[in-house]
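Engineer: based on what follows, work out the 3D shape:
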Amino acid sequence: MNESKISQRQLTRMIYIEGVGASGLTFPAAAALCSRSEGLLPLVAYAGFLLLFAVWLLFLIRRLERRNPAGMSAGYGFVLSKWMGVLYMLRLFVNALALFYFFGLSIQKIYMPDTGLFMILLPFALLLWYCTQTTLQKRARFLELLFPWIMALFVILVFFAILGLEGKFHLPELTDNVATVFGNGYLLLLCSTPLEFLLFLVPAVTGNLWKTSSPRSTQEETQEKIQEKLQKKTQEKIQKQFQEKQQGSPAAGGSAGADVHVGTDVPEDGDPEQKVSGAKDVADSADAADAWWKKRRALVWRAVAGVLVWNVLLWFVTIENLGGEITASSPWPVIKVMQLIRLPGGFLERFDILLAVFWILCLVGVLSGYLYYGRKIGEEIFGGKIFDGRTLRFRVSVITAGVAALLLLISCLLAGQEETLLLHWFVLYKKWVDFPLLVLLPLRALFRKPCRRLPRRAVAATAVLVVMFALSGCGRQADVEEKSYVLSLYVEDGGENYEYWVSTADLPSMKAQEDSIPCITIHFTAENMEVMEEKFAKTQAGILEWNHIDTIFLGPKLAENPERLDTFLKEWEASWQKSPNVLLSVCLQTPEELLDIKNIPEGAAGQEVSRLMEQTEQEGRHIFGWNDSAEGGIYCRTPIEVLKAKSEGEKDIYLYQTKIQWKRLVLKRGYRLPE
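Structural biologist: You can find the predicted model right below:
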């Protein structure tokens, strides 16, 4: 098997994975940013830009293959000059560094806020190192194995997200600012820049994967075949001339003039039949090359269409579940969609873990691609002496380990910087530096002239300086503390501050026969949730953990104050550590009355209300959600649903209401929020 070639099926799988891996979670937010059409019109612009981008890449690949077929077959780096190769390597490294850093930052912010960035990125760096020091065929087989898992997780995501819509869809406004449409469309195109890997993948596709040949020897084999053909034709020509001499000598009486006459009678260009046969061979070869190119081009278009469909589906389920305003305000809105999914029986408390797996698998393909193709270009432009297999593998492993360590160290060094500022600068770099270079560098390769080799000592000295700079610091490690699990929260308006009654699980006091967990309720007065959590950390052991919360009770004063209520709901929605799928209920009684409910442990009112709601759902009596109500308007269950309804201009918003009668919980419906 040729380890530097891939099959046709592997080409489409790799494009699918690399085309959505880096952008899947952010794509809807980039589409809906400042868009009145919630990203619909920018999606149309993105489809046009993606079409032009794919056409441009295919045009460059075809031209480069015609100009230097042996070089493109051996590797894209062989058609680049030294300075262009170095520029490519820097581009690929910067893109890999940005993805690596923001990946670690998002995992820390969403899933592991108490873990240091170094500990999060270390195992991922080891995985990247392993994926980078392999061959193209092994990399293709690895991504081919990941493809069904990624596809299955993606289908699960879309299925449950559409199921949660309950058949309700809306058409956004079709009026949008032209600058917003094209600006967001260009931003979406930047999310699909890993399609530049086509420059490396399309020439590597082969129809006979099991043919053993080395890419470095492809050019030598081609020259050898040409020389063999020339030698064969020369020998046939000489032999034919000799035979004609032998046939013509008796007729001329053996004189020297007959020899001269026979020798000069043969045309220098050879037999006309041989010329016709040679022209026919060339035409057949050209036809075969055109047919093979059309087949590869069709594979690319099919894969690009698949990437477009994936991105459009992600945008659709996100916009329909969250609305344009919430989608645009979050860098990873698709995760919020998964957090809203509710499954009976407690199958998964955080269903978005599946999405995290889907995202990580895709990012492995994209990040390892940036590093792998950068390594290949480095090998091809700084080739020189070919070592034996063991020495070559050792050097490659050392270099790739150094690059992975550099990524890790620089990411830790950037951990203390402002996230928004770094993201702003990276987007500017992608818009005005990276993408123009991506478009123009292959075009420059068509007209390049030979240039002298860059001094290796200067390259080595630069690498040493970068490593020494990166060694200057690393991210701080966070201590893992004991957590206090919040099961319910009562919030009331206290004027300038909020009043919070936090009920955390008291697991040691739970009896075996109890269905609900007893709680410890603590009262705080604070300006916002962040200040409240800081006060809890100073006065209580451990930190608050919000992923298991069942119910938020809104006090009567807070429910009647729209401005204060919106501030609280937006603060809750903006925090990744607080479950967006929490039940929102208005409670007109005091929090002290919620602590004294018959037949349930103290402080377990939030769990009981959530259980009663599930029973009501199972009986088919819908009292919340987007279903129509007798009073008109819509019923909302979660903070995100309330914010979405308000962003769409809905005035009649109803919440579920909890009442206490004879020390028992009673479920009511129809509490209308004031405008």
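
Engineer: give me the mean pLDDT for the lengthiest strand in the chain.
Structural biologist: For the chain, the strand with the greatest residue count under DSSP state E is strand 483-494. Taken as a whole, strand 483-494 has an average pLDDT of 89.

Engineer: need the next SSE after that strand, C-terminal direction.
Structural biologist: Next in sequence after strand 483-494, counting helices and strands by DSSP states H and E, comes strand 497-505.

Engineer: so what strands line up beside the helix or strand following that next one?
Structural biologist: Counting by DSSP H and E, the next helix or strand C-terminal to strand 497-505 is strand 519-526. According to DSSP bridges, strand 519-526 forms sheet pairs with strand 497-505 (antiparallel).

Engineer: the helix or strand containing Arg139 - contacts with which helices or strands?
Structural biologist: Here Arg139, judged by DSSP H and E, is contained in helix 136-163. Applying 3 or more C-beta pairs under 8 Å, 6 or more residues apart in numbering; DSSP states H and E, one finds that helix 136-163 contacts helix 8-20, helix 272-322, helix 333-339, helix 352-381. For the C-beta atoms, the positions are set from N, CA and C on the backbone; glycine is no exception.

Engineer: between that helix and helix 8-20, how many degrees?
Structural biologist: Relative orientation of helix 136-163 and helix 8-20, computed by axes from the mean of the first three to the mean of the last three C-alpha atoms, to 10 degrees: 60 degrees.

Engineer: how far away from the center of its chain is whichever helix or strand comes after helix 136-163?
Structural biologist: Going down the chain from helix 136-163, the next helix or strand is helix 178-191, by DSSP H and E. Here helix 178-191 is found 18 Å from its chain centre; the criterion is C-alpha atoms, centre = their mean, to the nearest Å.

Engineer: for the next helix or strand along the chain from helix 178-191, packing partners?
Structural biologist: Downstream of helix 178-191, the first helix or strand assigned by DSSP H and E is helix 198-201. In this structure, helix 198-201 makes packing contacts with helix 8-20, helix 40-67, judged by 3+ C-beta pairs under 8 Å, 6+ apart.

Engineer: among the ones you listed, which is the most enclosed?
Structural biologist: Ranked by mean neighbour count, the helices and strands packed on helix 198-201 are led by helix 8-20 with a mean of 23 (mean count of other C-beta atoms under 10 Å).

Engineer: ok now that one, how far from the chain's centre?
Structural biologist: Between the centre of helix 8-20 and the centre of its chain there are 13 Å (C-alpha atoms, centre = their mean).

Engineer: over to stretch 77-97?
Structural biologist: Worked out by C-alpha atoms, centre = their mean, stretch 77-97 lies 22 Å from the chain centre.

Engineer: likewise stretch 332-343?
Structural biologist: That offset, for stretch 332-343, works out to 17 Å (C-alpha atoms, centre = their mean).

Engineer: which parts of that stretch are buried?
Structural biologist: The neighbour-count check on stretch 332-343 (16 or more other C-beta atoms under 10 Å) flags 332-341 as buried.

Engineer: same check on stretch 641-660?
Structural biologist: 641-646, 653-658, 660.

Engineer: picking up where we left off before, turn the helices and strands packed on helix 136-163 into JSON lines, columns for distance to Val666 and mean pLDDT.
Structural biologist: Below are those laid out as JSON lines (distance: least, C-beta to C-beta, whole Å; pLDDT from 0 to 100):
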{"stretch": "helix 8-20", "distance to Val666": "48", "mean pLDDT": "87"}
{"stretch": "helix 272-322", "distance to Val666": "31", "mean pLDDT": "82"}
{"stretch": "helix 333-339", "distance to Val666": "29", "mean pLDDT": "82"}
{"stretch": "helix 352-381", "distance to Val666": "33", "mean pLDDT": "85"}
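
Engineer: make CSV from those helices and add distance to Phe426 to it.
Structural biologist: Output for these, formatted as CSV (distance: least, C-beta to C-beta, whole Å):
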stretch, distance to Phe426
helix 8-20, 19
helix 272-322, 20
helix 333-339, 19
helix 352-381, 14
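
Engineer: check which element follows the host helix or strand of Thr400 along the chain.
Structural biologist: Here Thr400 sits within helix 389-413, counting by DSSP H and E. Remark: after helix 389-413, the chain's next helix or strand is helix 419-429, criterion DSSP H and E.

Engineer: quick one: contacts of that following helix?
Structural biologist: With C-beta atoms under 8 Å, 6 or more residues apart in numbering as the test, helix 419-429 has contacts from 94, 98, 101-102, 105, 187, 190, 331, 414.

Engineer: swap in stretch 549-566?
Structural biologist: Contact with stretch 549-566 is made by 486-493, 498-499, 568, 572, 578-579, 582-588, 591, 594, 605-607, 609-610, 639, 643, 646, 655, 658, 671, 673-675, as judged by C-beta under 8 Å, 6+ apart.

Engineer: if we use 6 Å, what do you get?
Structural biologist: For stretch 549-566, the surrounding residues in contact (C-beta atoms under 6 Å, 6 or more residues apart in numbering) are 486-493, 579, 582-588, 606-607, 609-610, 674.

Engineer: same question for stretch 607-615.
Structural biologist: Taking C-beta under 6 Å, 6+ apart as the rule, stretch 607-615 contacts 487, 516, 550-551, 583, 600, 658, 665, 667.

Engineer: one more time with 10 Å
Structural biologist: Applying C-beta atoms under 10 Å, 6 or more residues apart in numbering, the external contacts of stretch 607-615 come out as 342, 344-345, 487-488, 503, 505, 515-519, 548-551, 553, 582-583, 585, 587, 594, 597, 599-601, 604, 621, 623-624, 637, 656, 658, 664-667.

Engineer: in it, what's buried?
Structural biologist: 607-611, 613.

Engineer: now Met529: how far from Thr180?
Structural biologist: From Met529 across to Thr180, the span is 33 Å (C-beta to C-beta, to the nearest Å).

Engineer: quick one: buried ones out of the contacts of stretch 549-566?
Structural biologist: With neighbours counted by 16+ other C-beta under 10 Å, the contacts of stretch 549-566 contain buried members at 486-493, 579, 582-588, 606-607, 609-610.

Engineer: where does Val459 land on pLDDT?
Structural biologist: pLDDT for Val459: 45.

Engineer: then Ser249?
Structural biologist: So, for Ser249, pLDDT stands at 52.

Engineer: wait, Lys668 touches Thr616, no?
Structural biologist: No. Taking contacts as C-beta atoms under 10 Å, Lys668 lies outside contact range of Thr616: 11.8 Å.
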